[in-house]
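J.: Just a sequence and a predicted model for now, questions to come.
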Amino acid sequence: MPAGTIFALSSGRPPAAVAVIRISGPDAHQAGASLCAELPAVRSAAVRQLRHPATADLLDEALVLRFDGPGSATGEDIVEFQCHGGRAVVDGVLAALGSIDGLRVAESGEFTRRAFENGRIDLTEAEGLADLLEAETEAQRKAALALAEGGLKWQIANWQEQVLALSASAERAIDYDEDDSALDPALLQGCAGLAEELEQWLARPRVEPLKDGVRIVIAGPPNAGKSSLVNAIAGQERAIVTAIPGTTRDQIEVPLAIGGIPLLLTDTAGLRQTDDEVEAIGVARAIALVDTADVLVWLGEPEDSPAHPRLIRLHAKADARGPAPISSLAVSSVTGQGMQDLLGQMALQASSLLPAEDAISLNRRQAAHIAEAASALGQASRGTDLVVIAECLRAARNAFDRLTGRAGVEDVLDAIFSRFCLGK
């Protein structure tokens, strides 16, 4: 990403009551002063007239703030203009900044990327900020804020400190112990203990179900009432309902939230043997979804239900059928019978897959690097040669460096920072 001094609108799209325009880089103070003549003292705010640097035309009267690097949000010199939020005002200030040599419009996420590259945040905090911008539920907001505020960063720092101490012990033994075959039991126990702690973190619920929604798959034979159930839960006609078996050919996904829990409700093709080529493709996809479902809602006979750790058996069309078996919940999409109980069971099953509100949850990238470190530490704890143990500990340190973004993450940076908006 090119260097230089950047600027962008960092608040919402105008019109608005206030618009925040941010400048960051080595020429930020000079650029800010070219519009307002005199910058306030560092970390202070002052009202200034903003004038075009070439024509001296009055653009606005704004609140101006100044921050000096490296103690700023980006680690660079920063100037912020808090202007009136009309389109003409914002366009005029941005055009004036664009007329200054050496300034350019920031790319998406570039302010945050500079904060990362200048050591103001690590990669886990950047991921938390990206999640915070995308959060749509209270649970998503809390999980993202825990990362953005450095919860995982400080935990990783603790792990790194422990690994560094173990590495120092191993290297010292290699350099100074006359008997290389004598392994310090405390070294092996330290490696095993830290590996166990990392495995406990890996066993926690992940953040993906919280972000993407817990996938609840509705499955069963044709004409069991799956599509009618999906429409009843969604409160609108999302799936086609007919008396003809095999109407549903492909999966239909309905995102919704129950009690603040994000869900992805998925209707599937009826499970049966068929000679229809298109329907057969739908059945194959349905079988695959059953296998990967977070929660499975089964509308067929109880004895035919697939084995699943989070299974809800339904006795559908209860208004037209006899009593439900003991193992099934009676529901009716027509009368609403049992629907509240079903929603409660779905929310209960889904909540078991979500992280606790006060817990730090890992994403796939973070979990992969923690798993690398745990594996290396596990190998070290079982080692019989000090040189091999030391090498395993170096591998664990490298995994933590990739986790925080200190090394070997160039291939993921663009993907992460592209999730940010233009002024972030």
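T.: Everything's here; your move. Keep in mind it's a predicted model, so treat the numbers as computed, not measured.
J.: Contacts for stretch 280-298, please.
T.: For stretch 280-298, contacts defined as C-beta atoms under 8 Å, 6 or more residues apart in numbering pick out 209, 214-220, 229, 248-251, 266, 268-272, 274, 305-306, 308, 310-314, 342, 346, 349-350, 353. Glycine gets a C-beta too; all of them are placed from N, C-alpha and C.
J.: Can you give me the buried ones in that stretch?
T.: Using 16 or more other C-beta atoms under 10 Å as the burial criterion, the residues of stretch 280-298 that qualify are 280, 282-283, 286, 289-290, 293-298.
J.: so how far is that stretch off the chain centroid?
T.: 25 Å (C-alpha atoms, centre = their mean, to the nearest Å).
J.: Give the rounded mean pLDDT of it.
T.: Stretch 280-298 shows a mean pLDDT of 85.
J.: ditto for stretch 226-235
T.: 83.
J.: could I have that stretch exported to CSV, CA atoms only?
T.: Listed next in CSV are the C-alpha coordinates belonging to stretch 226-235 (Å, rounded to 0.1, in the frame of the first residue of the first chain):
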residue,chain,number,x,y,z
LYS,A,226,-40.7,-28.3,5.9
SER,A,227,-41.4,-25.3,3.6
SER,A,228,-44.6,-24.3,5.5
LEU,A,229,-42.6,-24.4,8.7
VAL,A,230,-39.9,-22.2,7.3
ASN,A,231,-42.5,-19.7,6.1
ALA,A,232,-44.2,-19.7,9.4
ILE,A,233,-41.0,-19.0,11.3
ALA,A,234,-39.9,-16.4,8.9
GLY,A,235,-43.3,-14.7,8.9
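J.: Buried residues, it. List them.
T.: Of the residues in stretch 226-235, those buried (16+ other C-beta under 10 Å) are 226-234.
J.: Domain map for the chain?
T.: Per automatic domain parsing, the domain ranges recorded for the chain read 5-117, 124-205+361-404, 210-351.
J.: okay, those in a markdown table with distance to residue 419 next?
T.: Shown next, in a markdown table, are those (distance: least, C-beta to C-beta, whole Å):
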| stretch | distance to residue 419 |
| --- | --- |
| domain 5-117 | 7 |
| domain 124-205+361-404 | 4 |
| domain 210-351 | 11 |
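J.: Of these, which is nearest residue 418?
T.: domain 5-117 (5.7 Å; C-beta to C-beta).
J.: So which of the buried residues of stretch 280-298 belong to strands?
T.: Those of these mapping onto strands are 295-298, per DSSP state E.
J.: picking up where we left off before, list just the nearest of the buried residues of stretch 280-298 to residue 136.
T.: For these, the nearest to residue 136 is residue 294 (18.4 Å; C-beta to C-beta).
J.: Kindly provide the distance from that closest one to residue 359.
T.: Using C-beta to C-beta, to the nearest Å, residue 294 is found at 18 Å from residue 359.
J.: how about residue 322, secondary structure?
T.: With DSSP: H, G, I helix; E, B strand; the rest coil as the basis, residue 322 sits in coil.
J.: Then residue 131?
T.: helix.
J.: Setting aside sequence neighbours, what's the nearest residue to it?
T.: residue 144 (3.6 Å; C-beta to C-beta, 6 or more residues apart in numbering).
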